[in-house]
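>>> got a structure for you, letters missing:
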């Protein structure tokens, strides 16, 4: 990426809200997103709709999906002549589905529509370069798969579009084409920002491709084993094109909250119970530092828990 297209901030929410509230939209203009997007972004778009009269349209998916065209077509059907921007979550945080961002963006651009990408769970996980996604705007957190400090994030804007976006926090040159106008956020933690470099060094020492392949291997290591159990269901594709680290799992007869609690209370395994818009499962997310012995413990735990369910 061109450094003149990158602003360092504090997280994905700040980065994406900069675009959501900085775009010049008027009453009646339409935005297309999904019900499976991250709540902070959904609420930001809803706030603009309430205050300014834009139209926020949400499509919905039943994941997992292993069909790019079905996903692209779902977005396309929601488009009207009033659509100005499409909001895409690169990796759905609830269940790990990888969305075909480039194909959606290319479709949108043929219709003169801009594209904003939420890359909170893709940056540092998947092997890609932001410009190759064909999007106009990209926001991410750096504390997730890049493993930088909490409180570090990044905003990328295609250079020629910087001048069109209002800063989220006041700047003396709000119509400037200088990306730095998005970094005037008041007092900030410089140690957090200085630590980003060390995280980047660690990431580069492994390599994006090797890191993605390793984490996908770790996800499939446990998921492919527990799915053999008739009482266990996997809610995420095992195809590397459609998922990587995050995977959803359920055990028959248990709610996500019950399974999440059983894993932590009885085995000290941290997971997240998910109930959100067509998604009901426990989210498990290994990282590059996760050991196979940790995943063997997870497999054993899920097996023992399922054996107790009648």
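Received the coordinates, thanks. Source: prediction; values computed, not measured. Numbers count the residues shown, from 1 in each chain.

>>> now do residue 65 against residue 127, distance only.
Applying C-beta to C-beta, to the nearest Å, the value for residue 65 to residue 127 is 21 Å. In short, each C-beta sits where N, CA and C put it, glycine included.

>>> how about the helices in the stretch 151-300 of the chain?
190-206, 208-226, 256-267, 292-308 (DSSP state H, counting those that start in this stretch).

>>> the closest residue to residue 202 other than its chain neighbours: neighbouring residues, count only.
Spatially, and ignoring its direct neighbours in sequence, residue 202 is nearest to residue 147 (6.7 Å; C-beta to C-beta, 6 or more residues apart in numbering). As a burial measure, residue 147 scores 17 neighbours (other C-beta atoms under 10 Å).

>>> before we move on, what SS does residue 147 have?
Using DSSP: H, G, I helix; E, B strand; the rest coil, the structure places residue 147 in coil.

>>> buried residues, stretch 148-155. List them.
148, 149, 151, 152, 153, 154, 155 (16 or more other C-beta atoms under 10 Å).

>>> try stretch 178-195
Within stretch 178-195, the residues scored as buried using 16+ other C-beta under 10 Å are 179, 181, 182, 183, 184, 185, 192, 193, 195.

>>> redo the residues you listed as a markdown table? Include pLDDT and distance to residue 160.
Putting the buried residues of stretch 178-195 into a markdown table (pLDDT from 0 to 100; distance: C-beta to C-beta, whole Å) gives the following:
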| residue | pLDDT | distance to residue 160 |
| --- | --- | --- |
| 179 | 97 | 12 |
| 181 | 96 | 15 |
| 182 | 96 | 15 |
| 183 | 95 | 19 |
| 184 | 92 | 21 |
| 185 | 88 | 24 |
| 192 | 95 | 30 |
| 193 | 93 | 27 |
| 195 | 96 | 32 |
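
>>> and the residues you listed, which is closest to residue 89?
residue 182 (21.0 Å; C-beta to C-beta).

>>> could you measure from that closest one over to residue 156?
Counting by C-beta to C-beta - residue 182 and residue 156 are separated by 10 Å.

>>> show me where the stretch 1-150 of the chain has helices.
Applying DSSP H, counting those that start in this stretch to the stretch 1-150 of the chain gives helices spanning 12-22, 39-52, 68-78, 101-110.

>>> just those: most buried one?
helix 12-22 (a mean of 23; mean count of other C-beta atoms under 10 Å).

>>> ok, the closest residue to residue 13 other than its chain neighbours - contacts?
Excluding the flanking residues, the one nearest residue 13 by C-beta to C-beta, 6+ apart is residue 40, at 4.6 Å. Going by C-beta atoms under 8 Å, 6 or more residues apart in numbering, residue 40 touches 12, 13, 16, 17.

>>> can you check residue 178 too?
4, 162.

>>> need phi/psi at it.
phi -90, psi 120 (degrees, to the nearest 10).

>>> what about residue 242, how many neighbours?
Residue 242 - counted by other C-beta under 10 Å - has 20 other residues nearby.

>>> for it, phi and psi?
Backbone torsions for residue 242, taken as degrees, to the nearest 10, come to phi -120, psi 0.

>>> correct me, but it touches residue 61?
No. Using C-beta atoms under 8 Å as the test, residue 242 is too far from residue 61 to be in contact (12.0 Å).

>>> joint contacts of the two?
residue 97.

>>> residues touching the nearest residue to residue 275 once chain neighbours are set aside, list them.
Spatially, and ignoring its direct neighbours in sequence, residue 275 is nearest to residue 256 (5.8 Å; C-beta to C-beta, 6+ apart). Going by C-beta under 8 Å, 6+ apart, residue 256 touches 250, 273, 274, 275, 280, 281, 282.

>>> brilliant, that's me finished.
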